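Colleague: using only what follows, build the 3D model:
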Amino acid sequence: MEIEVSFLASKYSLTETINKVEQTTANIIHVDVMDGVFVPNKTMEVNDLINSLKNTTKKLDVHLMVKDVISYINSIANLKPFNITIHLELAKIINLNDIINLIKSKNIQVGLAINPETDVQEILPYLTNIDQVLIMSVHPGQGGQEFIREVLAKIEYLNTLKNQYNFKINIDGGINATTIEYLKNLYLDYVVSGSFICCSDDYQKQIDILQNKTKE
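Modeller: Numbering: from 1, shown residues only. All right, here's what the predicted structure looks like:
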C-alpha cells in the first residue's frame, strides 16, 4: 500500500508543504483540484498550481473535482502526472468514455473517483478502460472530515473484481492513525492522507505511523 500525501489542508504555506513532503518517504503527492462548481470550495488557479509543483521529484496523482474537466486535463497534463482521476458522478452531464480516452491519449493513467453516496456498481461499465478506482471516504471538497466507514463495503466488492479487470484501488478522506486500522485487511494499492500529515509538525513521523500500520 503506497502512501499519497494531499496538501489540501496544511499549517504551512504551499511551498513549505511541498518541500516538507519531498523530504519524506511518501510515495506520491496527491494533487486535489477544485473549481468551486463541482464542489463548493476552490483551489488556486491551475497555472499557479502547476508552477508550484513543476519541480517536484515525487510522482503526482491528480484528483480533479471539477465540472469543465477537458480544460483542466489539457492544462494539468503539463505536470506529467502518472494518473488523473475524474469523478464517476460526471457521467450525468458528459460522456465519461470520451474523457477517459482523452487522458489516455496523453499517456497518463486514468482513475475514477466515487462519492460515498454513489452506488459502487455504477462503475462497472468503465472498469475495462481505467487504471484506478478512488473510493471517497469523505464528501469531496474539504480536508479534515471524518472517515465514513460505510464505504469499506465498496472496497470489499471491488476486490472481487480486481483480477478480472486489472485496476488498482485507492481511498481518500479522513485517513489517520485510527482509521488506517480499518484498512489493514483490505486489499488497497494506495491510501491518501492529508491533514493528518500536513497539519502536523513532523510529516515523516505521521507517514511512518501509516506505513507501519499497513505492514502489521
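Colleague: how near is V192 to V120?
Modeller: The gap separating V192 from V120 is 18 Å, by CB to CB, to the nearest Å. The C-beta positions use only the backbone N, C-alpha and C, and glycine is treated the same way.
Colleague: more crowded one of the two?
Modeller: Neighbour count, other CB atoms under 10 Å: between V192 and V120, V192 has more, with 26 against 18.
Colleague: I'd say the more buried one and I169 touch.
Modeller: No - contact criterion CB atoms under 8 Å: V192 and I169 do not qualify, at 11.7 Å.
Colleague: where does this protein have low pLDDT?
Modeller: Scanning the chain for pLDDT under 70 picks out the ranges 142-144, 214-216.
Colleague: now the biggest helix by length in it, how far from the chain's geometric center?
Modeller: Taking DSSP state H as the criterion, the chain has its longest helix at helix 203-215. Chain-centre distance of helix 203-215: 18 Å, with CA atoms, centre = their mean, to the nearest Å.
Colleague: for it, packing partners?
Modeller: strand 2-6, strand 190-193, helix 195-198 (3 or more CB pairs under 8 Å, 6 or more residues apart in numbering; DSSP states H and E).
Colleague: what's the angle between the first one and helix 203-215?
Modeller: To tie it back to what came earlier, the one meant is strand 2-6. Per axes from the mean of the first three to the mean of the last three CA atoms, to 10 degrees, the angle that strand 2-6 makes with helix 203-215 is 140 degrees.
Colleague: okay, strand 2-6 in CSV with CA atoms only?
Modeller: The C-alpha trace of strand 2-6 is given here as CSV (Å, rounded to 0.1, in the frame of the first residue of the first chain):
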residue,chain,number,x,y,z
GLU,A,2,1.6,3.2,-1.1
ILE,A,3,1.1,6.5,0.8
GLU,A,4,-0.1,9.6,-1.1
VAL,A,5,0.0,12.9,0.6
SER,A,6,-2.7,15.5,0.0
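Colleague: tell me which residues are up against it.
Modeller: Applying CB atoms under 8 Å, 6 or more residues apart in numbering, the contact partners of strand 2-6 are 21, 24-32, 61, 143, 170, 172, 189-194, 197-198, 203, 207, 210-211.
Colleague: quick one on the thing from earlier: would you list the helices and strands packed on helix 203-215 in CSV and tack on distance to N97?
Modeller: Putting these into CSV (distance: least, CB to CB, whole Å) gives the following:
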stretch, distance to N97
strand 2-6, 26
strand 190-193, 24
helix 195-198, 34
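Colleague: OK, contacts around N51?
Modeller: Counting by CB under 8 Å, 6+ apart, N51 has no contacts.
Colleague: which of the three states applies to it?
Modeller: What DSSP: H, G, I helix; E, B strand; the rest coil gives for N51 is helix.
Colleague: which residues does I171 contact?
Modeller: L134, I135, S137, V151, I155, L183, L188, Y190, V191, V192.
Colleague: ok so the first one is a strand residue?
Modeller: Yes - the assignment for L134 (three-state DSSP) places it in a strand.
Colleague: the closest residue to it other than its chain neighbours pairs with what?
Modeller: Once flanking residues are discounted, L134 sits nearest to A113: 4.0 Å by CB to CB, 6 or more residues apart in numbering. Note on A113: beta-bridge partners H87, L134, judged by DSSP bridges.
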